[in-house]
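Student: got a sequence here, can you build the structure:
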Amino acid sequence: MSRNPTVKFVNKWSRKTHRWGAVAIALPIAAVIGSGILLQLKKDVAWIQPPTARGAAGGDPDNGMTVSMRDILDAAMTVPEAGFTGWGDIDRLDVRPDKGVAKVRGKNRWEVQVDTATGEVVQVAYRRSDLIESIHDGSWFHAAAKLWVFLPSGVVLFILWLTGVYLWALPIWARRAGRRRRAGA
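Tutor: Numbering: from 1, shown residues only. The predicted structure is shown next:
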């Protein structure tokens with residue numbers, strides 16, 4: 001009994017697509033997987049992302065922010081490692097009223113946490129999670145890499161998943177069809 005030519009074509013196409021697709025996206029997907037594993041651990045590993053400290057008014061947002069934005073910047077500029085000289089060096093400010101702290105994140109990836117009640121620096125650390133996120137989405141390599149390498153790699157990975165499921169299910173379907181043929185004969 002000869003096989004259906006369409007089924008034969010789909011089987012051959014699935015195997016080739018699976019094989020060559022995997023080779024084509026090996027490096028970008030390795031970067032996505034490796035950085036994704038690290039990002040899963042960012043709240044658990046201080047080396048990746050510094051834990052959020054507690055300020056003097058932590059836990060009481062109504063009793064919290066008694067310092068001004070300027071006071072927060074002035075406190076952050078006292079940290080030599082961070083090297084902040086003004087607002088131009090700051091990437092973002094992340095205020096956590098429930099913890100009583102403001103995280104001053106620099107463009108150089110240093111993070112200075114300032115108590116929003118006292119204006120004192122409570123923690124200083126280098127923040128790697130933003131770098132890891134940029135590797136994860138491909139923007140660290142080049143602006144165009146995100147759309148022209150990592151996005152197509154994601155599409156190919158989805159196709160690999162589809163062909164992998166098909167190739168995994170194929171023997172199961174064949175065994176069932178064989179049992180039906182034998183039972184009907």
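Student: all the strands of the protein, residue numbers only.
Tutor: Taking DSSP state E to define them, one finds strands in the chain at 90-96, 101-106, 110-115, 121-126.
Student: residues near the nearest residue to residue 139 once chain neighbours are set aside, how many?
Tutor: Nearest residue to residue 139 in three dimensions, chain neighbours excluded: residue 146, at 4.7 Å (C-beta to C-beta, 6 or more residues apart in numbering). C-beta coordinates here come from the backbone N, C-alpha and C atoms, glycine included. For residue 146, the tally of surrounding residues (other C-beta atoms under 10 Å) stands at 15.
Student: isn't residue 146 right next to residue 137, touching?
Tutor: Yes - Residue 146 is within contact range of residue 137, at 5.7 Å (criterion: C-beta atoms under 8 Å).
Student: mind showing which ranges of this structure have poor pLDDT?
Tutor: Scanning the chain for pLDDT under 70 picks out 1-2, 58-64, 185.
Student: can you list the domains in it?
Tutor: Listed domain ranges for the chain are 1-47+133-185, 50-127 (source: automatic domain parsing).
Student: so which of those is the most surrounded?
Tutor: Burial of the domains of the chain is given as mean neighbour count (mean count of other C-beta atoms under 10 Å); domain 50-127 ranks first at a mean of 18.
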